[in-house]
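S.K.: heads up, no residue letters with this:
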């Protein structure tokens, strides 16, 4: 029995060897003529690509371990239906054949391997990009219908891409594409671009093709250190290529991603993590979220957003609603005193490099607006960026307990950038509003503000140093945190330094009016009036914003009958004023009294002011 089994094994092995030998002889006889082999490969590629395959190198045939053919120095000229692909050069092209297809005399490529291929791509203008829509559709349909292989692998490939802005390479391209007889496809690949490695994974089901259009369900993931994205949806190949479904896109660091894409943004705070998720449509060169969720630096928005690319400047448009818009990360750090201000971080760069690369048309609304010490509430604005110029129209702006509207314009296309701010606000809380731009505010209450300011500078500090325009402030009631009785009494003894020394019983008032004309960072007022009961205080002076210096005179009324005048002194001709001069944080108070002829005299009496009531 043992010997019989052994005999069967020997017989079976012999038959296998004979079969392999016959197969080898048949296969070899089929491809003995290398010219015939070249013609066969050219014909298959011509039917698939519509282009001529040029083979300049030798041809080698291998039977074991896999039946394959290798040709060197292969070139593929421009595809007639894909004009941007200028050509393909392959160092070694290997075609593996199925044994049974050889035996039946109908050789079919089971696997195609391209070693060190180089794809030359030339990107055109907008017109050629529009033309490419139909070409890409034709390419995909042809790839699904007529591919002469069931699997294609790319090893160490390179894509050389040139365009109006220059040339660059995508290197170390690795890809493995499998196609089933039904047209279902699987693609796994990776590449290196600008120092970063990215991977791609695609799985598509069998397409439904009717006439010249097709629909392909698919799943796509794209990943790397700077971006990750996943798509579950369907591709429609018609006049345009349309991709729809659910997209989840994440950028761990938007600033680094922008730099990777060629948008130069300096290091700083903000522009960190970004996520976009929701139903989307991708048609031609437009990607749109009809109802998406977007999160940037913790700010969460919902709404519609679309990106139109392919032009020199991508365009972003949409309507977004936020519960809270927090801008803390984009603003300079708050400083507690002037000494700290000298070493504080500079404010945001008004050159806004991002504005030089994109155009924007957004409508944004927020229930709450947060920006460090800025107290804000509901906000609605239209934001537009065009050719490096930004305009923001605030139809609703709740700010420091007040409400109003305004417009902000930044023209970053100029050097240095030009910024204009105009606003009309009512009911603003005076103290926090003023202290946002300075160290100390002596005024409390609700104020109405009209402002129209214009200036140039790359940062907020530079802009304030040279700002010009007008500012008008009016208040129906409030508190002036100055004890005039105390100041007058103390200044009769000598100069008084600092706001603390001038504080005591604050003065309440029924009306305050102040108009300022700003020129190169200096705010000059010739109209300042405070009505405190029967007393009326008027004044004028200058606030120098760059140096944070004051030079201010308040003309004080007399609230009581003065003592009997000295000989030759006419009391009616006397005026006395409080001169406030020096740094904003610690000015010097000096009492001055002059006759009508301008000669200084010694103060003989003081004004009396009503102490502040609860406000």
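M.R.: Sure thing, it's come through. Keep in mind the model is a prediction, meaning the values are calculated, not measured.
S.K.: Going by C-alpha atoms from here, please, whenever you check contacts or count neighbours.
M.R.: Noted.
S.K.: For the helix or strand harbouring residue 320, what is the distance to the chain centroid?
M.R.: Assigned by DSSP states H and E, residue 320 belongs to strand 315-326. Put simply, strand 315-326 sits 12 Å off its chain's centre (CA atoms, centre = their mean, to the nearest Å).
S.K.: Show me what that strand is packed against.
M.R.: For strand 315-326, the elements it packs on are strand 299-308, strand 359-371, judged by 3 or more CA pairs under 8 Å, 6 or more residues apart in numbering; DSSP states H and E.
S.K.: can I get those in a markdown table with mean neighbour count, distance to residue 396 and mean pLDDT?
M.R.: Formatted as a markdown table, the helices and strands packed on strand 315-326 follow (neighbours: other CA atoms under 10 Å; distance: least, CA to CA, whole Å; pLDDT from 0 to 100):
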| stretch | mean neighbour count | distance to residue 396 | mean pLDDT |
| --- | --- | --- | --- |
| strand 299-308 | 19 | 18 | 94 |
| strand 359-371 | 19 | 9 | 88 |
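S.K.: Tell me the secondary structure at residue 38.
M.R.: helix (DSSP: H, G, I helix; E, B strand; the rest coil).
S.K.: Which residue is the nearest non-sequential neighbour of it?
M.R.: The shortest distance from residue 38 to any non-neighbouring residue, by CA to CA, 6 or more residues apart in numbering, is to residue 55 (7.7 Å).
S.K.: any idea which element the residue nearest to residue 244 when sequence neighbours are not counted lies in?
M.R.: Leaving aside its sequence neighbours, residue 244 sits nearest to residue 281 (CA to CA, 6+ apart; 4.4 Å). Assigned by DSSP H and E, residue 281 belongs to strand 274-283.
S.K.: Then residue 490?
M.R.: Element membership for residue 490 (DSSP H and E) is helix 484-491.
S.K.: ok now that helix, how far from the chain's centre?
M.R.: Centre to centre, stretch against its chain (CA atoms, centre = their mean), the figure for helix 484-491 is 55 Å.
S.K.: Mind listing residues that contact whichever helix or strand comes after it?
M.R.: Following helix 484-491 in sequence order, the next helix or strand is strand 496-497 (DSSP H and E). Here strand 496-497 makes contact (CA atoms under 8 Å, 6 or more residues apart in numbering) with 487, 490, 502, 586-590.
S.K.: let's see 10 Å
M.R.: Contacts to strand 496-497, defined as CA atoms under 10 Å, 6 or more residues apart in numbering, come from residues 487-488, 490-491, 502, 580-582, 586-591.
S.K.: Return the item of the residues you listed having minimum pLDDT.
M.R.: Here the lowest pLDDT out of the contacts of strand 496-497 sits on residue 502, with 79.
S.K.: For the stretch 51-200 of the chain, which residues score under the pLDDT cut-off?
M.R.: 80-82, 98-107, 124-145 (pLDDT under 70).
S.K.: go with 80
M.R.: 63-67, 77-84, 97-109, 123-148, 164-165 (pLDDT under 80).
S.K.: show me where it has strands.
M.R.: Secondary structure of the stretch 51-200 of the chain (DSSP state E, counting those that start in this stretch): strands located at 53-55, 59-62, 68-76, 85-97, 109-122, 151-163, 166-179, 185-193, 196-204.
S.K.: Let's have the ones you listed in a markdown table, adding distance to residue 387 and mean neighbour count.
M.R.: Formatted as a markdown table, the strands of the stretch 51-200 of the chain follow (distance: least, CA to CA, whole Å; neighbours: other CA atoms under 10 Å):
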| stretch | distance to residue 387 | mean neighbour count |
| --- | --- | --- |
| strand 53-55 | 45 | 18 |
| strand 59-62 | 55 | 15 |
| strand 68-76 | 40 | 19 |
| strand 85-97 | 31 | 20 |
| strand 109-122 | 26 | 20 |
| strand 151-163 | 21 | 18 |
| strand 166-179 | 21 | 17 |
| strand 185-193 | 28 | 18 |
| strand 196-204 | 30 | 17 |
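S.K.: Save those as CSV, and put in distance to residue 408 too.
M.R.: Converted to CSV, these look like this (distance: least, CA to CA, whole Å):
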stretch, distance to residue 408
strand 53-55, 59
strand 59-62, 69
strand 68-76, 55
strand 85-97, 45
strand 109-122, 41
strand 151-163, 36
strand 166-179, 36
strand 185-193, 38
strand 196-204, 38
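S.K.: between those strands, which one is nearest to residue 548?
M.R.: strand 196-204 (47.8 Å; CA to CA).
S.K.: Could you check the angle that closest one makes with strand 185-193?
M.R.: Here strand 196-204 points in a direction 170 degrees away from that of strand 185-193 (axes from the mean of the first three to the mean of the last three CA atoms, to 10 degrees).
S.K.: Tell me the helices and strands packed up against the helix or strand just after strand 196-204.
M.R.: Moving toward the C-terminus from strand 196-204, the next helix or strand (DSSP H and E) is strand 208-210. The helices and strands touching strand 208-210, judged by 3 or more CA pairs under 10 Å, 6 or more residues apart in numbering; DSSP states H and E, are helix 126-146, strand 213-224, strand 228-237.
S.K.: at 7 Å what do you get?
M.R.: With contacts taken as 3 or more CA pairs under 7 Å, 6 or more residues apart in numbering; DSSP states H and E, strand 208-210 sits against strand 213-224.
S.K.: Just checking: what are the partner strands of the strand it packs on?
M.R.: strand 196-204 (antiparallel), strand 208-210 (antiparallel), strand 228-237 (antiparallel) (DSSP bridges).
S.K.: Tell me how far residue 534 lies from residue 577.
M.R.: 17 Å (CA to CA, to the nearest Å).
S.K.: More neighbours: which of those two?
M.R.: residue 577 (20 against 10; other CA atoms under 10 Å).
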